[in-house]
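# okay, sequence plus prediction incoming.
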Amino acid sequence: MNRNTRALTTVLFAAFLMTSLPSLAEEAETYGETFGRKLTTGLANITTSSLEIPKNIILINNQSNVIYGFIGGTFKGLLNMGGRIGVGVLDLVSSPIPTQPIVYPLYVWDNFNAETTYGKAFRPSN
């Protein structure tokens with residue numbers, strides 16, 4: 001690993017840690033916090049999007065039967081995986097623009113029992 005790669009990895013890891021810690025005050029996000037949130041959620045949604053497949057298999061299996069859960073959950077997971085990748089890329093590209101999150105839950109692991117939903121894109125932050 002060369003020096004530039006190591007420095008970039010350190011900066012990205014530090015940004016992830018700073019933005020993933022819960023805020024002590026219940027105030028609106030600052031511009032820097034919104035920028036950091038969008039960077040980290042974009043990277044996290046791109047890298048962990050494949051977790052949508054087992055998540056949806058489990059959710060659909062709990063709602064119906066094993067066969068439909070596996071087949072339907074795989075297809076729905078693939079669709080949500082593509083959606084998370086798209087939202088992640090959009091968050092990375094538009095990170096300088098302060099907007100609210102598009103995908104809920106914000107991370108795939110936040111609420112593993114919740115269906116993944118997508119809201120309106122480019123809603124301005126308050």
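Everything's here; your move.
# next secondary structure element downstream of the helix or strand bottoming out on mean pLDDT in the chain?
Within the chain, no helix or strand scores below helix 3-20, which has a mean of 64 by mean pLDDT, DSSP states H and E. Following helix 3-20 in sequence order, the next helix or strand is helix 31-47 (DSSP states H and E).
# quick check, distance from that following helix to the centre of its chain.
From the chain centre to the centre of helix 31-47 is a distance of 8 Å (CA atoms, centre = their mean, to the nearest Å).
# then stretch 110-118?
Its chain's average C-alpha position is 10 Å from that of stretch 110-118, according to CA atoms, centre = their mean.
# could you do stretch 33-53 as well?
Taking CA atoms, centre = their mean, one finds the center of stretch 33-53 at 4 Å from the center of the full chain.
# now stretch 84-99: buried residues?
Neighbour counts over stretch 84-99 (16 or more other CB atoms under 10 Å) mark 84-88, 90-92, 95, 98-99 as buried. For every residue, glycine as well, the C-beta is placed using N, CA and C.
# which two from the residues you listed end up farthest apart in space?
Spatially, the most separated pair among the buried residues of stretch 84-99 is Ile85 and Pro98, at 22.3 Å (CB to CB).
# circling back to that earlier point, the buried residues of stretch 84-99 in helices, which ones?
When the buried residues of stretch 84-99 are checked against helices (DSSP state H), the matches are 84-88, 90-92.
# need those residues in CSV with pLDDT and distance to Gly69, can you?
Listed next are these as CSV, based on pLDDT from 0 to 100; distance: CB to CB, whole Å:
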residue, pLDDT, distance to Gly69
Arg84, 94, 20
Ile85, 96, 23
Gly86, 95, 25
Val87, 94, 25
Gly88, 94, 26
Leu90, 94, 30
Asp91, 93, 30
Leu92, 94, 33
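# can you list these in CSV and add distance to Trp109?
Converted to CSV, those look like this (distance: CB to CB, whole Å):
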residue, distance to Trp109
Arg84, 12
Ile85, 16
Gly86, 19
Val87, 15
Gly88, 14
Leu90, 20
Asp91, 17
Leu92, 19
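# quick check: of these, which lies closest to Ile46?
Nearest to Ile46, judged by CB to CB, of these is Gly88 at 3.8 Å.
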